[in-house]
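A.B. asks: Got a sequence here, can you model it:
(2 chains)
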Amino acid sequence: NAGVTQTPKFQVLKTGQSMTLQCAQDMNHNSMYWYRQDPGMGLRLIYYSASEGTTDKGEVPNGYNVSRLNKREFSLRLESAAPSQTSVYFCASFPRQGPYEQYFGPGTRLTVT
Amino acid sequence: QQQVKQSPQSLIVQKGGISIINCAYENTAFDYFPWYQQFPGKGPALLIAIRPDVSEKKEGRFTISFNKSAKQFSLHIMDSQPGDSATYFCAATNDYKLSFGAGTTVTVRA
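C.D. replies: Residues are numbered from 1 along each chain as shown, chains lettered A, B, ... in the order given. As a prediction, this is how the structure comes out:
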């Protein structure tokens, strides 16, 4: 049981390049989330998927797109990376039943130059 | 604009001392208040949580105090240990979405 996995762990992009961050969970959770973490800002919600087939914007969605590929996988795409998107990105999942605990992946550290 | 305000930004405590972190919120629709602990290079992990109909919850050395009328809640770490050195985030939940505070970096000196 790996929990929430993210790839890659580190990435450096040039301004204007695109990339997709991958996330998968093996806990059969319904909801999945993408956050970004910046110093002094806490974690801010980018997009979330309440259930398979649905996605919604969070607090800071501009410059990002998401795909809920199936119940296990939720990807985050940067179409044209900007230096302001330099951050640590976390994926999380949540069962929507039982305790209100979101399970976080290990994070992807992205630098845009 | 952050919906949950957290203070202090950082604190240093001696081993065996008490660490206190405070949070405040405005949105009365929040219905669950978790605290997350994060070690460097790792994702946050749930530490302890409380519902707004409870004024205090204790798990081991960690205690949440909740004041619904003041819309404030706090985390107390008793008998702080070097292994408690981490960043702590308060959060509030509404409709399965978490709003996080900015975080407090706690350093416990041996």
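A.B. asks: ranges for the strands of chain B?
C.D. replies: B:4-7, B:10-14, B:19-25, B:33-38, B:45-50, B:56-59, B:62-67, B:72-77, B:86-94, B:97-100, B:104-109 (DSSP state E).
A.B. asks: List the contacts of B:Ala45.
C.D. replies: A:Phe104, B:Tyr36, B:Gln37, B:Gln38 (CB atoms under 8 Å, 6 or more residues apart in numbering or on different chains). For the C-beta atoms, the positions are set from N, CA and C on the backbone; glycine is no exception.
A.B. asks: which residue packs closest to the second one, ignoring adjacent ones?
C.D. replies: Read that as B:Tyr36. In space, and not counting its chain neighbours, B:Tyr36 is closest to B:Pro44: 3.8 Å by CB to CB, 6 or more residues apart in numbering or on different chains.
A.B. asks: So that neighbour versus A:Glu101, what's the distance?
C.D. replies: Distance, B:Pro44 to A:Glu101, using CB to CB, to the nearest Å: 11 Å.
A.B. asks: between those two, which one's more packed in?
C.D. replies: B:Pro44 (29 against 16; other CB atoms under 10 Å in any protein chain shown).
A.B. asks: Please report phi then psi for the more buried one.
C.D. replies: phi -60, psi 150 (degrees, to the nearest 10).
A.B. asks: Correct me if wrong: it contacts A:Gly42.
C.D. replies: No. With contact defined as CB atoms under 8 Å, B:Pro44 does not count as touching A:Gly42 (9.8 Å).
A.B. asks: okay, and the common contacts of these two?
C.D. replies: Joint contacts of B:Pro44 and A:Gly42 (CB under 8 Å, 6+ apart) are B:Phe89.
A.B. asks: picking that back up, with mean pLDDT as extra columns, can I get the strands of chain B in a markdown table?
C.D. replies: Formatted as a markdown table, the strands of chain B follow (pLDDT from 0 to 100):
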| stretch | mean pLDDT |
| --- | --- |
| strand B:4-7 | 96 |
| strand B:10-14 | 98 |
| strand B:19-25 | 98 |
| strand B:33-38 | 96 |
| strand B:45-50 | 94 |
| strand B:56-59 | 96 |
| strand B:62-67 | 96 |
| strand B:72-77 | 98 |
| strand B:86-94 | 94 |
| strand B:97-100 | 90 |
| strand B:104-109 | 97 |
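A.B. asks: A:Thr108 is nearest to which of those strands?
C.D. replies: strand B:33-38 (15.1 Å; CB to CB).
A.B. asks: Kindly tell me how buried the one residue in chain A that gets nearest to chain B is, as a neighbour count.
C.D. replies: The minimum distance from chain A to chain B, using CB to the nearest CB, falls at A:Phe104 (3.2 Å). A:Phe104 has 23 neighbours, counted by other CB under 10 Å.
A.B. asks: do A:Arg109 as well
C.D. replies: A:Arg109, neighbours per other CB under 10 Å, totals 15.
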